[in-house]
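> need coordinates for the following:
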Amino acid sequence: MEKRREVVVVTGASAGVGRAVVREFAREGARIGLIARGRERLEATALEVEELGGEALVLPCDVADASAVEAAAAEVERQWGRIDIWVNNAMSTVFAPIMEVRPDEFRRVTEVTYLGYVYGTQAALKRMKPHDAGTIVQVGSALAFRSIPLQSAYCAAKHAITGFTESLRTELLHERSRVRVTEVHLPAVNTPQFDWSRSRMPRQAQPVPPIFQPEVVARGIVWAAHHRRRSIWLGLPTAKAIFAEKFIPGLLDRYLGRIGFRKQMTDEPRDVHRGDNLVSPLSGDFGSHGRFDDRARGRSPLVWANLHRGLLATLAGLFVAGAAAWRRASA
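The predicted model follows:
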């Protein structure tokens with residue numbers, strides 16, 4: 001009997017982390033609903049899914065539109081019967097000091113990066129609760145715990161996602177539901193967002209080093225979708241930021257006030273004539289990688305250890321037991 005293919009929905013599926021996540025699921029033969037605004041990139045993503053052994057459903061959709069998200073989820077359910085995994089990943093940001101971000105820009109970033117997760121979660125729950133099964137993955141960030149300068153709208157939205165998810169988790173526990181929700185918090189990732197996000201900085205935007213390739217975090221996201229973990233911190237920089245915020249927040253404020261602007265810019269001047277994707281998608285297929293391949297890390301020992309901590313705990317236990325037996329035999 002042929003194994004039933006998982007049905008997965010990924011928002012922000014056409015580029016960056018979302019594109020890398022889609023490829024990981026496609027290699028497992030999943031049926032994947034692809035949500036993003038640009039049909040051109042979605043079609044290119046769908047071709048990759050088919051080449052890797054999965055099935056794709058192209059769903060052009062702005063996640064800031066709750067009715068459009070619901071319609072996309074309904075189409076996935078109509079096509080494949082159910083939704084097993086929903087990955088909320090779509091985002092937008094504006095690189096600028098707070099007083100240079102317009103009210104409509106704050107609203108747009110919030111609607112995409114926070115409310116897009118809310119609408120996606122509600123659409124997923126509507127399909128998962130009747131089956132009492134399914135997993136919702138919230139793609140978070142170290143910035144959900146420790147905000148940085150020049151990205152106030154994005155940081156606030158990531159904080160809001162964590163607050164929303166904690167409420168959801170308690171409600172599911174109250175209902176004794178088997179639907180799971182997990183958060184995966186990312187470090188800086190080499191994605192195209194630094195070339196297409198709206199910016200008022202004097203120089204070209206960059207992720208705060210150290211930078212990781214999207215495939216590193218994509219493996220963690222897909223792993224989280226299949227394992228019972230409340231949340232996962234990917235990469236040493238994520239863990240360091242979260243712990244520093246917990247124990248030395250004031251010192252971290254001063255540190256980021258001193259270096260936070262410089263670390264988010266390259267030495268290249270910003271191209272003031274390039275477009276951005278805040279309101280509408282840009283044309284072209286950006287893929288999953290940004291311009292920082294020469295500086296981005298393709299591996300993370302801490303990510304591997306985090307995803308295999310059960311194995312490491314077993315090995316540590318065997319080592320301790322072996323050492324104790326050796327001491328007894330030597331006594």
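> and Tyr259, which helix or strand is it part of?
Wrong residue type there; residue 259 is Ile, not Tyr. helix 249-263 (DSSP states H and E).
> other SSEs contacting the following helix or strand past that helix?
Following helix 249-263 in sequence order, the next helix or strand is strand 265-269 (DSSP H and E). Other helices and strands packing on strand 265-269, by 3 or more Cβ pairs under 8 Å, 6 or more residues apart in numbering; DSSP states H and E, are strand 203-205. C-beta: built from backbone N, CA, C; applies to glycine.
> re earlier: tell me the mean pLDDT for the helix holding Ile259?
Mean pLDDT, computed over helix 249-263, is 96.
> ok, and what's touching that helix?
If you take Cβ atoms under 8 Å, 6 or more residues apart in numbering as the criterion, helix 249-263 is touched by 146, 148-150, 201, 208-209, 244-245.
> before we move on, what about stretch 169-185?
121, 125, 128-129, 132-142, 144-145, 161-162, 165, 168, 217, 220-221, 224-225, 228-234, 238, 242.
> surely Ala73 and Val9 touch.
Yes. If you go by Cβ atoms under 8 Å, Ala73 and Val9 touch, sitting 6.9 Å apart.
> who has more neighbours, these two?
Using other Cβ atoms under 10 Å, the more surrounded residue of Ala73 and Val9 is Val9, with 28 against 25.
> doesn't the more buried one belong to a strand?
Yes. The assignment for Val9 is a strand, going by DSSP: H, G, I helix; E, B strand; the rest coil.
> between Ala73 and Val9, what contacts are shared?
The contact sets of Ala73 and Val9 overlap at 33, 83, 124 (Cβ under 8 Å, 6+ apart).
> who does the first one bridge with?
If I follow you right, that is Gly33. Going by DSSP bridges, Gly33 is paired in beta bridges with Val9, Leu57.
> how many neighbours does it have?
Summarising burial for Gly33: neighbours were counted as other Cβ under 10 Å, giving 27.
> the stretch 201-331 of the chain: strands as residue ranges?
203-205, 211-212, 231-233, 265-269, 296-297 (DSSP state E, counting those that start in this stretch).
> which of the ones you listed sits most buried?
Highest mean neighbour count of these: strand 211-212, a mean of 24 (counted as mean count of other Cβ atoms under 10 Å).
> OK, contacts around the residue nearest to the spatial centre of the chain?
For the chain, the residue nearest the mean C-alpha position is Val139 (2.9 Å; Cα atoms, centre = their mean). Val139 sits next to 17, 87-89, 184, 186, 221 when contact means Cβ under 8 Å, 6+ apart.
> the helix or strand harbouring it pairs with which strands, parallel or anti?
Assigned by DSSP H and E, Val139 belongs to strand 135-141. Paired neighbours of strand 135-141 in the sheet (DSSP bridges): strand 85-88 (parallel), strand 180-186 (parallel).
> can you put those in TSV and add mean neighbour count and distance to Asp65?
Below are these laid out as TSV (neighbours: other Cβ atoms under 10 Å; distance: least, Cβ to Cβ, whole Å):
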stretch	mean neighbour count	distance to Asp65
strand 85-88	28	15
strand 180-186	24	22
